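Asks: Fold the following and give me the result.
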Amino acid sequence: MSETEIIDSGIELPLLGSIEALPDFSLRVTWAAGSRSGVTEIVDLRPALGSFKIYKPLRGNPPLFSTVRLADDGNAVSWDGKDLEMSAEMLLSWAEQAMRPQDFAAFLKRNGLTQEAAAALLGRSRRQIANYLAAGPIPRIVALACYGFEARQRDREIARTLQDAAASFSDPTGNDKRAA
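Replies: Predicted coordinates:
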C-alpha cells in the first residue's frame, strides 16, 4: 500500500453545510454529511473556548466570534485571526455532548426519575431541574452526568444478565449442567 492510498473505514466523516454565529458564543450548524446529516442544531462553544488556549482570542469577544465561516470545504470552521480554526469532528463532539430540554425530559422519563430525584442525583436544586426542562440550557456537566448515569445502568443490567446466565448453567450442588 502506498502512502497516498485512502483507506475507507466505512464511517462517514462529518461535513458542515452551513454555519451561523449566535450572540451567546454558540453556532447554528447544519450538517451536510455524517451521522447528523441534514440536521440543524445549536452548538454551545463556551466550554471549548474556555478549555483550549488557542481559542483565548474568542473569549468575551463577540465581534471576533461573529467572523466565523466555513473552511476546508466544510471540514472545519475558522475565524479572523491567527490559527483560529475548529474541525467538524470537534464541533460534532461538542454537539453530541449537548442536551436540549426535550432530551433531558426523555432522560427523566426513561429512568423513571421525578424532578426531586433528578435534583438529588445530579446535585442540583429542584428549581434548576425545572428550568432545564422549561427552557434550558442544560450545562454540559449535567448532560455528561446524565449520559454517564445511563451508561452505568446499562453496565449493571449487562452484569446481571451475565450472572443470571452463568447461574442457569449450575445446579444447587454447584455441578455444571453443561458437563452432564
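Asks: what's near enough to touch the residue positioned nearest the centre of the chain?
Replies: With distances taken as Cα atoms, centre = their mean, residue 97 lies nearest the centre of the chain, 1.8 Å away. By Cβ atoms under 8 Å, 6 or more residues apart in numbering, the residues touching residue 97 are 140, 143-144, 147. The C-beta positions use only the backbone N, C-alpha and C, and glycine is treated the same way.
Asks: Secondary structure and pLDDT added to those residues, as CSV?
Replies: Shown next, in CSV, are the contacts of residue 97 (DSSP: H, G, I helix; E, B strand; the rest coil; pLDDT from 0 to 100):
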residue, secondary structure, pLDDT
140, helix, 80
143, helix, 87
144, helix, 87
147, helix, 89
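Asks: which one of these sits closest to residue 161?
Replies: Closest approach between the contacts of residue 97 and residue 161, by Cβ to Cβ: residue 147, at 21.3 Å.
Asks: any idea how far the closest one lies from residue 97?
Replies: When distance is defined by Cβ to Cβ, to the nearest Å, residue 147 is 8 Å away from residue 97.
Asks: that older thread, quickly note the distance from the residue nearest to the centre of the chain to residue 11.
Replies: Using Cβ to Cβ, residue 97 is found at 19 Å from residue 11.
Asks: now do residue 146
Replies: Distance from residue 146 to residue 11, by Cβ to Cβ: 25 Å.
Asks: Which residue of those two possesses the greater neighbour count?
Replies: Neighbour count, other Cβ atoms under 10 Å: between residue 146 and residue 11, residue 146 has more, with 24 against 8.
Asks: Now the more buried one. Nearest residue, chain neighbours left out?
Replies: residue 107 (4.9 Å; Cβ to Cβ, 6 or more residues apart in numbering).
Asks: Who are the contact partners of the one you found?
Replies: 99, 113, 146, 150.
Asks: Most neighbours of all those, which one?
Replies: residue 146 (24 neighbours).
Asks: Might one say that it is in contact with residue 99?
Replies: Yes. Counting by Cβ atoms under 8 Å, residue 99 is a contact partner of residue 146 at 6.5 Å.
Asks: thought residue 36 was touching residue 14?
Replies: Yes. The criterion here is Cβ under 8 Å, and residue 36 meets it with residue 14 at 6.9 Å.
Asks: which residues do these two both contact?
Replies: By Cβ under 8 Å, 6+ apart, the residues touching both residue 36 and residue 14 are residue 92.
Asks: which of the two has more neighbours?
Replies: Higher neighbour count among residue 36 and residue 14: residue 14, with 23 against 17, using other Cβ under 10 Å.
Asks: Need the nearest residue in space to the more buried one, chain neighbours excluded.
Replies: Closest to residue 14 by Cβ to Cβ, 6+ apart is residue 34, at 3.4 Å.
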